[in-house]
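Trainee: here's a sequence, model it:
(chains A and B)
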Amino acid sequence: MTFSRLFKAVALMGAASGAALLTGCAANPMAEQGMKAGGHEYVLTVTRPNQLHIIDTETKDVVRSCDVPGTFGSGSIASSPDGRIAYVLTAGTEKVVGFDIRNCDIVFAANQSINGERVKTFVSLAVSNDGKELYTVQNPTRKLNDRYDVLQPRLAVYDTAAGLNAKPLRTYPVDRRITKIAVMGDGRIVLGGADLTAINPNTGEVKMLSKIQNWNRAGSWVPPDAFAMFNQGEHVGEYIMPYFTIKWNGAPGDMEKAEFWWGMNRIDLASGEVEETETVPFEFIVFNWITDPLNKDILYGAFNQLSKHDISKKETVAAVDLDHTFYSINMDSNRTIYIGGASSDISVHNPDTLEKIASIQLTGDMSSADLRVVKLH
Amino acid sequence: MNNNKSKRALLGGSALALLGAIAAPTTVSAMDGASVLQEKCLICHTRTGDPEAPYSRISQQRKTPEGWHMTINRMQRLNGLVISPQEKQAVIQYLADTQGLAPSETAPYRYVLEQQPNVVEQDIDPAYVEMCARCHSSARFGLQRRTEAEWKLHVNTHMAINPTTELHALARDRSWYDIALNDTAPKLAKDFNFHDAAWKKWQAAPKPELAGRWSVAGFLPEQGDYSATLTITPTSNNRFELTLDGHFVDGTALKGSGKAKLYAGYEWRAQLNVNGTKMRQVMAASEDGQQLTGRMYQVGRDEMGGEINAHVGTAIAGVSPAAIKQGAVQEITIMGSELKGNVSLGRGVSVEKVLTRDNDRIVVLARAQKNATVGARDVRVGQSRDQQALAVYDQVARVAVVPAESIARVGGNGGLVPKVQSTYRAQAFSAGPDGKAGTADDLNLGYMPANWSVAPFNETAEHDKDTKYAGSIDQQGIFTPGDAGLNPERKFSTNNLGNLKVVASMGEGDEQVSGDAHLLVTVPVYIKRAVQ
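Mentor: You can find the predicted model right below:
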C-alpha cells in the first residue's frame, strides 16, 4: 500500500557510502558571529551535499553552516546536554562526527568501519545524560576475499572526550533492525526496532519496554508496522515510535469492515512510562509526530499536511496542506513548529492556527536529515 | 500480448528448412574465457579442489549472459576488478556457455531479458513476492541457479551491499534476514536448482545453426508492422554479421545491418542500425533451429520496441490489417519472404487488384462481399498459406487496449534521466456467433488504427487534473509523459505524475466503440540493470 511504499522510499535513503575525510570547518562569514547561550534555542539540520546548519529560533536565520566530512549519511543528529556539541551521522552512516556548533570545530570523530568490518548505523545516535558517552547501534558486515559475513548488531559506547579517532569503549549485542534510540532518565537507552526495548549501557542487559511486532493482542488486530527514521521529542523529553495497524471487524482481509489506525508507542524518558495506543484513524500519511507541551493529548504530524490531532478523542482536529512533502517535525519552547526534511526549506508554523509564519531556505536538500532543537548553554 | 493473429507464420518448403541444420559449437573462445577467468577472478576467488566445481562462489552458480555481465560489473564497481572489455566479453561468453541456463529455464522469463515494458508478473509465490520480488523482478532470481550454500551467501551479499533491505516495508515487520537465510534460500535452491538436469541435457544437445536467410516479421511502435529478410553470416565462433532488408507495412523500406553474439548456443544478442536508428535484438533460437523469437528495441529507449519473429524459409509472416468489413473495399498488405504466386484471401474476399509486389510484401485492393460469412479464413500466396489470417466481420463490437496495465515515467527537464514513453495498440473484436461482445466467442480482428486519448482514471486523478499535467498521447498510440521535477502549479508542488486511462475509439456515431487501459505516470528509474 501507499503508506508502506513511502516509508520504504525513506528507508532506501542513506545507503550511500564513501570514504570520509576530516576537512575542517566551512569558510563562512557567519563563523565569527556570536551566539546566545543561557538556553537560547537553535534548530539543527543537515543538507546535501553534507552541511550541518545552525539556525537561530528567534531570527530564523542560518547562523552557521559546517561542512561535514564524508558523503551524506542519513543526516541524523544527536546533541550534547549543554547543546554545544552536535553529533552527525555521516559517510554513508559509517561515521559519527561531533561539531562545536559555536564555531564548526570538529571535536569528535569515530569511524565505525574498522577491523575489516563495514559498519552502518540506521539513524541510531544518542548522547548520555551527562554528555560523557555517545551511543550508536552498529550493523556490521565483513568482506572476505569472495564473500560477506553478516555480523551481530551491537550497541557501541564511545567516550565523547576520545577525540578524532574514537573507538568504542564497549559493545553489547542487540537485535537487528534498530533505528531510533534515545537515552532515558535512568541512563538506559531505548532501542526502537521490532519491539521497544531498553538496554543498560553498562551491563548490556536488555529489557522489554513495549512489544510492537510481537504484541499480544487478540487476533482481530494486525501486528503493527512500526518504523521511525527521525529523531525528535527533545522539547518534552519523550520518544515516539509511530505505527500503523488494522483491526478486522469482519473476516481477516475484509477491507470493507476493517478499521485502519495510526498508533504510537510513546515513552516519557524521565519517568520511563510507556504508552501504547491507537491515536487517530488512518486518513492520510503522517511521517512523524510531536506532542504539544501544554497538553499530552495533542499531537502534531507532518508529511503532505501539517496536522493536529486530539488522541483523547481519537480525532484529527485540523490539517493544512503544506507547500510540498516534508518528513520531519519539531518544536521549540515557544511551541513554534518547524517542519523539515525532504526538500531544501524549513516551514515554520503557529501551533494554534497551523498557519505558516516563516520559511527558512537552506543550501541543499535535507532528504532524510533530522531537525533537532537544542538549548545552548 | 501475442494474440495478434496476423503474426502467425507458416513454414515454407522443406528444402529451405534444411538451413536449420544443427552443428555443435566449437570451444576456441571458451578456452580464452577460461584462462581470463583464472587470471582475473582467482585473485580473490579460490580453488575448491573439486573438479566438478573448481572455483569458490563462481562454480556454484548458473545464469544468463546478462546475469554474468552484472556480476562482473559489480566486481569492477565494488571489488576493484580491473578487466579489459575484451577480457570481460570472453569471461561472459565462457560462463554463459559453460554455466548458463537451458532454453527451458529461461523460457518463463524472456520478458526481462527482452526489456519488455509493462509486464505484470503473475502467479509468483507470495513467499518470493514478500522477500525478493518487492524490490526486483521475480525474473531476477528466476534466471539464476545456485546451490543452497550459494543462495545463502547471496543473502549475505544483499545485507552487505544494501543494508537497509531489512528496514523496508514487508521486511521490518519480520526477521527478514533469518527468514531469507533459513527459509528463502533453501526454497530457492529447490525451485531454482543448480543441478537441474535441463542444463546438462542442453549442453549435450546439438545446437541450432543460425547462418542463412530467415523470414522476419515484427512490429515497432512508431512505424508499425514490418517484414524483412534477416541474413546471418558467421564471422567467428559465436559471432555474426547480420542484415535486415524489408518493408514496413506502409511501404517504407527497412534496411538494417549490424553484429551479433550467440551465448549458450541459443541466446542471440544483436546490435544493429535500422534506418539510422541504433537498435538491439534479444532473441532465443528454438531448440530445433527453426525459429528466432524475441524483441527488437531502440538503444536507450527500451520501451520503443516490439516483438520480432524469424523463421527459416519462405512464409507469410503477417497480414495487415487482419480483418475486412463485410462489403468493404480496402488495401491489405501481406508480409513475408519469397512471396511468389497468386494471392488468395479466402471465401467471400476477392483480390480486385495487386497494387504493389515485392519479394517480402504484396499490397492488394481487396473486396469483401456484403454477404461474406463472418469469420477467419486462410490467406495464400502461391504455395504458402497462413491459417486463419484474415477475418471478415460485420462490425467492431469491442476494443481492447494492449497492454492493459502500463507505466510511463516523467523525465527530462534538465535532469539526467530521459522520459520513458509508453506505447499502445488497439485490438478489435466482433461479437461472434452469440452477438454479444465480451464473451468467449468474440472474433479477434487483430490490431486496428484508433483514435487515442487519455482520461482520468478516477475521481482523484480528475480532481488533480492529471490529464493536464501527466502527459499526452498521439494518434499512433504513443504516450509521452510530462517533465520531471516539482511542479509549483500542482497541489503540494507535486511532480507531473498521473493516474490515467488510455482510451482507444473506433467507428463513428452509434457505431463508436472504445476500450481503455490503465496508465500510471510515475517517477524516473535512476538505476537501470540489464536484469531489472
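
Trainee: tell me the domain boundaries of chain B?
Mentor: The record's domain parsing of chain B by automatic domain parsing lists B:28-202, B:316-393, B:398-522.

Trainee: any chance of the ones you listed in CSV, plus distance to chain A and mean pLDDT?
Mentor: Using the backbone N, CA and C atoms, a C-beta is placed for each residue, glycine as well. Formatted as CSV, the domains of chain B follow (distance: least, Cβ to the nearest Cβ, whole Å; pLDDT from 0 to 100):
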stretch, distance to chain A, mean pLDDT
domain B:28-202, 3, 95
domain B:316-393, 41, 93
domain B:398-522, 4, 95
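
Trainee: quick one: those domains as JSON lines, columns for distance to A:Asp254 and mean neighbour count too.
Mentor: Shown next, in JSON lines, are the domains of chain B (distance: least, Cβ to Cβ, whole Å; neighbours: other Cβ atoms under 10 Å in any protein chain shown):
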{"stretch": "domain B:28-202", "distance to A:Asp254": "19", "mean neighbour count": "18"}
{"stretch": "domain B:316-393", "distance to A:Asp254": "44", "mean neighbour count": "19"}
{"stretch": "domain B:398-522", "distance to A:Asp254": "22", "mean neighbour count": "18"}
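
Trainee: with distance to A:Asp175 added, can I get the ones you listed in JSON lines?
Mentor: Formatted as JSON lines, the domains of chain B follow (distance: least, Cβ to Cβ, whole Å):
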{"stretch": "domain B:28-202", "distance to A:Asp175": "9"}
{"stretch": "domain B:316-393", "distance to A:Asp175": "61"}
{"stretch": "domain B:398-522", "distance to A:Asp175": "35"}
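
Trainee: got the contact list for B:Glu489?
Mentor: Residues in contact with B:Glu489, defined by Cβ atoms under 8 Å, 6 or more residues apart in numbering or on different chains, are B:Tyr469.

Trainee: distance of it relative to B:Asn495?
Mentor: Distance of B:Glu489 to B:Asn495, given as Cβ to Cβ, to the nearest Å: 11 Å.

Trainee: kindly report the same for B:Ala197.
Mentor: Taken as Cβ to Cβ, the span from B:Ala197 to B:Asn495 is 50 Å.

Trainee: which residue ranges form the helices in the chain?
Mentor: In the absence of a named chain, chain A is used. A:2-11 (DSSP state H).

Trainee: not quite, go with chain B.
Mentor: B:14-17, B:28-40, B:65-79, B:85-98, B:103-106, B:110-113, B:126-131, B:138-142, B:148-161, B:176-179, B:185-191, B:197-204, B:459-463, B:466-469.

Trainee: who does the third one touch, helix- and strand-wise?
Mentor: Counting contacts by 3 or more Cβ pairs under 8 Å, 6 or more residues apart in numbering or on different chains; DSSP states H and E, helix B:65-79 packs against helix B:85-98.

Trainee: check which helices and strands the helix it packs on is in contact with.
Mentor: Counting contacts by 3+ Cβ pairs under 8 Å, 6+ apart, helix B:85-98 is packed against helix B:28-40, helix B:65-79, strand B:253-263.

Trainee: can I get those in JSON lines with distance to A:Lys257?
Mentor: Formatted as JSON lines, these follow (distance: least, Cβ to Cβ, whole Å):
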{"stretch": "helix B:28-40", "distance to A:Lys257": "60"}
{"stretch": "helix B:65-79", "distance to A:Lys257": "46"}
{"stretch": "strand B:253-263", "distance to A:Lys257": "54"}
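
Trainee: still on that earlier bit, can I get the helices of chain B in a markdown table including distance to B:Arg295?
Mentor: What follows is the helices of chain B, written out as a markdown table (distance: least, Cβ to Cβ, whole Å):
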| stretch | distance to B:Arg295 |
| --- | --- |
| helix B:14-17 | 24 |
| helix B:28-40 | 26 |
| helix B:65-79 | 14 |
| helix B:85-98 | 19 |
| helix B:103-106 | 14 |
| helix B:110-113 | 8 |
| helix B:126-131 | 25 |
| helix B:138-142 | 14 |
| helix B:148-161 | 28 |
| helix B:176-179 | 35 |
| helix B:185-191 | 26 |
| helix B:197-204 | 22 |
| helix B:459-463 | 31 |
| helix B:466-469 | 30 |
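
Trainee: quick one, which of those is nearest to B:Gly313?
Mentor: The minimum distance between B:Gly313 and these falls on helix B:14-17, with 3.5 Å, by Cβ to Cβ.

Trainee: residue contacts, the spatially most central residue of chain A?
Mentor: With distances taken as Cα atoms, centre = their mean, A:Asn231 lies nearest the centre of chain A, 1.8 Å away. Applying Cβ under 8 Å, 6+ apart to A:Asn231 gives the contacts A:Ser76, A:Ile77, A:Ala78, A:Val123, A:Leu125, A:Lys180, A:Ala182, A:Asp370, A:Arg372.

Trainee: now the fifth one. Nearest residue, chain neighbours left out?
Mentor: What it means is A:Leu125. Nearest non-adjacent residue to A:Leu125, counting by Cβ to Cβ, 6 or more residues apart in numbering or on different chains: A:Ala78, 4.2 Å away.

Trainee: what about residue 305, neighbour count?
Mentor: Looking at chain A here, since you left the chain open. The number of residues packed near A:Gln305 is 21, by other Cβ atoms under 10 Å in any protein chain shown.

Trainee: that's the wrong chain, I wanted chain B
Mentor: Per other Cβ under 10 Å, the neighbour tally for B:Gly305 reads 26.

Trainee: who does it bridge with?
Mentor: B:Tyr297 (DSSP bridges).

Trainee: could you check how far it is from B:Arg425?
Mentor: Using Cβ to Cβ, B:Gly305 is found at 13 Å from B:Arg425.

Trainee: ok, B:Lys465 next?
Mentor: 27 Å.

Trainee: how about B:Ser35?
Mentor: Distance of B:Ser35 to B:Arg425, given as Cβ to Cβ: 49 Å.

Trainee: next: B:Ile43.
Mentor: Distance, B:Ile43 to B:Arg425, by Cβ to Cβ: 51 Å.

Trainee: now swap in B:Lys63 and tell me
Mentor: Applying Cβ to Cβ to B:Lys63 and B:Arg425 gives a distance of 33 Å.

Trainee: any idea how far B:Val502 is from B:Pro206?
Mentor: For B:Val502, the distance to B:Pro206 - Cβ to Cβ - is 46 Å.

Trainee: how about A:Val320?
Mentor: Distance from A:Val320 to B:Pro206, by Cβ to Cβ: 72 Å.

Trainee: one more: A:Ser113?
Mentor: Distance, A:Ser113 to B:Pro206, by Cβ to Cβ: 53 Å.

Trainee: do B:Asn238 as well
Mentor: In terms of Cβ to Cβ, B:Asn238 sits 15 Å off from B:Pro206.

Trainee: who's more crowded, those two?
Mentor: Neighbour count, other Cβ under 10 Å: between B:Asn238 and B:Pro206, B:Asn238 has more, with 23 against 14.

Trainee: show me what contacts the nearest residue to that one once chain neighbours are set aside?
Mentor: If the residues on either side of it in the chain are set aside, B:Asn238 comes closest to B:Leu262, at 4.6 Å by Cβ to Cβ, 6+ apart. Neighbouring residues of B:Leu262 by Cβ under 8 Å, 6+ apart: B:Leu210, B:Asn238, B:Arg239, B:Phe240, B:Trp268, B:Arg269, B:Ala285.

Trainee: quick check: bridge partners of the fifth one?
Mentor: Spelled out, that is B:Trp268. Counting by DSSP bridges, B:Trp268 is bridged to B:Leu262, B:Met283.

Trainee: OK, contacts around it?
Mentor: By Cβ under 8 Å, 6+ apart, the contact list for B:Trp268 reads B:Leu210, B:Ala260, B:Lys261, B:Leu262, B:Gln281, B:Val282, B:Met283, B:Ala284, B:Ala285, B:Leu292, B:Gly294.

Trainee: no further questions, thank you.
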